[in-house]
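Visitor: after the sequence you'll find the predicted model.
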Amino acid sequence: MVVAAQYYKERENRDILHSFAKSIQERDIVTYEHSRRVATYAQRTARYLGWSRRSAHDLSLAALVHDLGKTWIANDILNKSEALSDDERRAMQRHPVIGARILIGCDIHAFFVDTVLYHHEAWDGHGYPTGLSGEEIPLSARILAVADVYDVLTSQRPYKDPLSVDAARERLLLGSATSFDPTIVRAFLHMLDTNPNFTLPQRICALPIMVRHPSPFLPNNVIPLRNRLENEEDISS
Ligand SMILES: [Fe+2]
């Protein structure tokens, strides 16, 4: 009886997390695609570190919703192509707490809540929202942090071009033992060095938000959906 109840609870948790992932996809396709790649990197890393298939899958689910809190951040901050002001940065840095609160409100298991809440903590304690350090940070969040940053580094963003794999590799090494758990960085770089197809392709790129009227020669899928929808609204109003 208890086992059946636990099974249904876990299944319900996974269904809710998939619904949230869908809502991220609707709100911000670039964040959703980023989260999918982060989920794959995190899952591979967990398996490499000896996690069970099931636990690694749970980590990939947490990664899918790690930026859920950004769905509550205003568009003009979320899409800004210039540097954020101090107030805007503070607002942006609330997203782990917002995401965790949403998950707690849906009675999601603490594993997912903690992974989302602590994914911007740093190994030496300079991260946010709580300034945890070292092994005080849940292992799932330490893995997610490396996967998250590697994808950000190798992705096109409104405010930056993607780094090469070698340059991103150097940045992870530079952050080892300051921003990231050195054991996770070692594992991640080993996978990167031994698998030529490790880095996932970007299906949708984040172009600067000022690209409102894209060249007809660009394929549709490189224009963020958000921009296209905004353009459609402009036409109808
Ligand atoms: Fe984040």
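Guide: It's in. Numbering: from 1, shown residues only.
Visitor: name the helices or strands packed onto the longest helix belonging to the chain?
Guide: Ranked by residue count, the top helix of the chain under DSSP state H comes out as helix 2-27. Helices and strands in packing contact with helix 2-27 are listed as helix 29-48, helix 53-64; criterion 3 or more Cβ pairs under 8 Å, 6 or more residues apart in numbering; DSSP states H and E. Backbone N, C-alpha and C define where each C-beta goes, glycine included.
Visitor: return the set of buried residues in the longest one.
Guide: Spelled out, that is helix 29-48. Of the residues in helix 29-48, those buried under the neighbour-count criterion (16 or more other Cβ atoms under 10 Å) are 29-47.
Visitor: what residues does stretch 161-174 touch?
Guide: Taking contacts as Cβ atoms under 8 Å, 6 or more residues apart in numbering, the residues outside stretch 161-174 that touch it are 146, 149-150, 153-156, 180, 185, 188-189, 192, 199, 202.
Visitor: possible to save the helices and strands packed on helix 2-27 as a markdown table with mean pLDDT and distance to Val2?
Guide: Converted to a markdown table, these look like this (pLDDT from 0 to 100; distance: least, Cβ to Cβ, whole Å):
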| stretch | mean pLDDT | distance to Val2 |
| --- | --- | --- |
| helix 29-48 | 96 | 27 |
| helix 53-64 | 97 | 19 |
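Visitor: mind checking those helices for the one nearest to Leu84?
Guide: Counting by Cβ to Cβ, Leu84 lies closest to helix 29-48 out of the helices and strands packed on helix 2-27; the figure is 16.0 Å.
Visitor: what helices or strands is that closest one leaning on?
Guide: Taking 3+ Cβ pairs under 8 Å, 6+ apart as the contact cut, helix 29-48 packs with helix 2-27, helix 53-64, helix 139-153, helix 182-194, helix 225-236.
Visitor: export those to TSV and tack on distance to Glu82 and mean neighbour count?
Guide: Rendered in TSV, the data for the helices and strands packed on helix 29-48 read as follows (distance: least, Cβ to Cβ, whole Å; neighbours: other Cβ atoms under 10 Å):
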stretch	distance to Glu82	mean neighbour count
helix 2-27	22	13
helix 53-64	28	20
helix 139-153	17	24
helix 182-194	30	17
helix 225-236	17	12
